[in-house]
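[1] Build the 3D model from these lines:
(2 chains)
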Amino acid sequence: MNQQQSNLEEHYPMADDHIDGVVTADDRVVFTTKDLEVYYGEFRAVREVNLDIKQGEITSFIGPSGCGKSTVLRCFNRMNDLIPSARVNGEVLFRSVNLYDPQVNAVEVRRRVGMVFQKANPFPKSIYDNVAYGPRLTGVKKKGDLDAIVEKSLRDAALWDEVKSRLKASGMGLSGGQQQRLCIARAVAVEPEVLLMDEPCSALDPIATARIEDLMQEIKNKYTIIIVTHNMQQAGRVSDRTAFFTTEVNPESDRRTGVLVEFDKTATIFSTPSDERTEAYVSGRFG
Amino acid sequence: MSSSSVTSQFTIGDLRGNPRRIRKERGMRLLLLVAAATSIVISALIVYTLFKEAWHFLVLLSDESGLGALIDDGANPGWYPRNGRFDLPTIVIGTVLVSLVSIVVAAPLGLGAAVFLSEYASPRTRKWLKPILEVLAGVPSVVFGFFALRVLGPDLIQPLFNTSQTTSLLVTGVAIGFLVTPLMASISEDALRAVPTSLREVSTGLGARKSNTVIKVVLPAAVSGIVAALIISVSRAVGETMVAALASGRLGQSPRTLDVRDPGLTMTAAMAQVATGSDQVVGSGPVFQSLFFVGALLFLMTLALNMIANRIVGRFRNKY
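    Prediction:
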């Protein structure tokens, strides 16, 4: 184990405090980005993002397509590593440890920062095996332990009562909303500290969306949540803080780069934003 | 609008289309149909000839020595067509042994190459590695045969397995294994790449290492495609002729053997050697016809394998 990794553990003893639900929504900062920039090859997708994500809160990222909100989200668990051409400048501090420090192992990061994707994408495995996938990776082997984790995670995701009689059935046989809640259960089964949600409701109907939003409120004291959404009403309903991103066009190269325009309490963003671009967007005059 | 309908009556002829264009279109269709039908006709003719001559062989054999001769239960059974001894197990066992050896070689190599290409290789590495694999797939099998005869047998298999001769069923099997490795790799890679990227992303997002993702998500999701690749490779190995004819160590006749380290004879090699030596064979009993009988049997074997593979591939297409 290298030093950076033990730093991670020291700064955030991940397992104990949030399992017991004793975390208070204080002002502890989970993530800080410092002049974060992401390039895809030569193309700068997003520039100079500086923001703090606070524990126990739901932070939403809104903005028009191509503004870099998903790109920024994917920096928080280093999912951009999967894109060969992606390159990150600046810092993403997780409990004051820079996630992009060469000594940091991305696998360790992702065990602490989980992710729910836009498209509900269960593995072609049983409901049980979907949820148990993460815990098995971390070495949980005993059937009793796994059973307990699976039940707890499915309960957290408000899916337990609907599937408890058919845990061996394929996860792909569930409805779209159920599949997305299964994906949430699968993500929380590894007991991450943070849950990144990349437009988790964009493929769901309003009823399924409402269930997921209720769920987010229920679990936000256990898991700090960052959600990317195209739906401004959703951002207004669920989040404590909102970051508004937009695109700037470089007049010379005609290329668009995402920028963070404004980051504030959600109520402020939607009522009295300080930047006129934000106001134009949230009032529906743009985007 | 009303003025134009006064000046010219709108009739069905206006919507009938250009007759020349329509004829051209029909001609095109007919031409393509002929092309498609040709392969069906040829296949039907092959099957017809094969089974007619195979039947002829059975009739001749039962007249001469009885159908029991197909399974020789004497002391020294073997395939000696010029002596009227047609012990089928000799060449069937030869084929099965060679195919088994070849798949033991090709399955790990091909699957390993496929996993590397699809999961580990950077786009740049893939760009030069894949064409090399395809070049290997395009090497004529007679070249592989000589490679097996002159290099693989004497320099690798004989010292390694202590075989009595430089040629053996083992040499043939290993060489055919190398021969079908690109095929195995290519079909497996298609199956692996058909696994949605989102599944890899989820697995990675849950803190899985690459090897975990490959073993626990990608391979299970692609399993039917990989099984199909295996069966198609076996089918190719069963039908491979030139390597078997050159490197197995027997010329047109062989005693029965169960040991891969012995020289032996496969069904394809038996056929090829009868066919190339047919000038001495014509008129001397059902030797020539035996070629068709063995061919029909091979045809049925590979047909069955391909049908199984098709069924499995069909299932894997519907998966996502």
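[2] The nearest residue to residue B:292 once chain neighbours are set aside and residue B:294, how far apart?
    In this structure, residue B:292 finds its nearest non-sequential neighbour in residue B:53, 3.4 Å apart by C-beta to C-beta, 6 or more residues apart in numbering or on different chains. Where C-beta positions appear, they are placed from N, C-alpha and C, glycine not excepted. Taking C-beta to C-beta, to the nearest Å as the measure, residue B:53 falls 11 Å from residue B:294.
[3] more crowded one of those two?
    The residue with more neighbours, out of residue B:53 and residue B:294, is residue B:294; 26 against 19, by other C-beta atoms under 10 Å in any protein chain shown.
[4] That one: helix or strand, and which one exactly?
    helix B:287-317 (DSSP states H and E).
[5] If you count neighbours, what's buried in that helix?
    B:287-299, B:301-302, B:305, B:308-309, B:312-313, B:316 (16 or more other C-beta atoms under 10 Å in any protein chain shown).
[6] Output the contacting helices and strands for that helix.
    helix B:19-64, helix B:88-115, helix B:223-239, helix B:267-276, helix B:278-281 (3 or more C-beta pairs under 8 Å, 6 or more residues apart in numbering or on different chains; DSSP states H and E).
[7] what is the mean pLDDT for it?
    Averaged across helix B:287-317, the pLDDT comes to 84.
[8] try stretch B:40-48
    Mean predicted lDDT for stretch B:40-48 stands at 93.
[9] Just the CA atoms from it would do, formatted as CSV, please.
    Extracted in CSV, the C-alpha atoms of stretch B:40-48 (Å, rounded to 0.1, in the frame of the first residue of the first chain):
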residue,chain,number,x,y,z
ILE,B,40,-27.5,-23.5,-54.0
VAL,B,41,-27.5,-25.5,-57.2
ILE,B,42,-23.8,-26.3,-56.8
SER,B,43,-24.2,-27.4,-53.2
ALA,B,44,-27.1,-29.6,-54.2
LEU,B,45,-25.1,-31.2,-57.0
ILE,B,46,-22.2,-31.8,-54.6
VAL,B,47,-24.5,-33.4,-52.1
TYR,B,48,-26.2,-35.5,-54.8
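[10] just to revisit the earlier point, do you know which of the helices and strands packed on helix B:287-317 lies nearest residue A:254?
    Residue A:254 lies closest, by C-beta to C-beta, to one member of the helices and strands packed on helix B:287-317: helix B:88-115, at 41.3 Å.
[11] packing partners for the closest one?
    On a contact count with 3+ C-beta pairs under 8 Å, 6+ apart, helix B:88-115 meets strand B:78-80, helix B:169-193, helix B:223-239, strand B:254-255, helix B:267-276, helix B:287-317.
[12] now it: mean pLDDT?
    Averaging pLDDT along helix B:88-115 yields 95.
[13] what angle sits between that helix and helix B:267-276?
    Angle of helix B:88-115 versus helix B:267-276, following axes from the mean of the first three to the mean of the last three C-alpha atoms, to 10 degrees, is 120 degrees.
[14] May I see the buried residues of the helix or strand just after helix B:88-115?
    The helix or strand immediately downstream of helix B:88-115 is helix B:123-138, counting by DSSP H and E. Within helix B:123-138, the residues that qualify as buried are B:130, B:133, counting by 16+ other C-beta under 10 Å.
[15] Report whether helix B:123-138 contacts chain A.
    Yes: remark: helix B:123-138 sits within contact range of chain A at residue B:123, by C-beta under 8 Å from any C-beta of the partner chain.
[16] Just the CA trace of that helix, in PDB.
    Taking Å, rounded to 0.1, in the frame of the first residue of the first chain, the C-alpha atoms of helix B:123-138 are listed here in PDB:
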ATOM      1  CA  PRO B 123      -6.300   1.300 -30.700                       C
ATOM      2  CA  ARG B 124      -2.800   1.800 -32.100                       C
ATOM      3  CA  THR B 125      -1.600  -1.700 -31.100                       C
ATOM      4  CA  ARG B 126      -4.800  -3.200 -32.500                       C
ATOM      5  CA  LYS B 127      -4.200  -1.400 -35.800                       C
ATOM      6  CA  TRP B 128      -1.100  -3.300 -36.500                       C
ATOM      7  CA  LEU B 129      -1.800  -6.600 -34.600                       C
ATOM      8  CA  LYS B 130      -5.100  -7.400 -36.300                       C
ATOM      9  CA  PRO B 131      -3.800  -7.300 -39.900                       C
ATOM     10  CA  ILE B 132      -1.000  -9.600 -38.900                       C
ATOM     11  CA  LEU B 133      -3.500 -12.100 -37.500                       C
ATOM     12  CA  GLU B 134      -5.400 -11.800 -40.800                       C
ATOM     13  CA  VAL B 135      -2.300 -12.500 -42.800                       C
ATOM     14  CA  LEU B 136      -1.800 -15.700 -40.700                       C
ATOM     15  CA  ALA B 137      -5.300 -16.600 -41.600                       C
ATOM     16  CA  GLY B 138      -4.500 -16.200 -45.300                       C
END
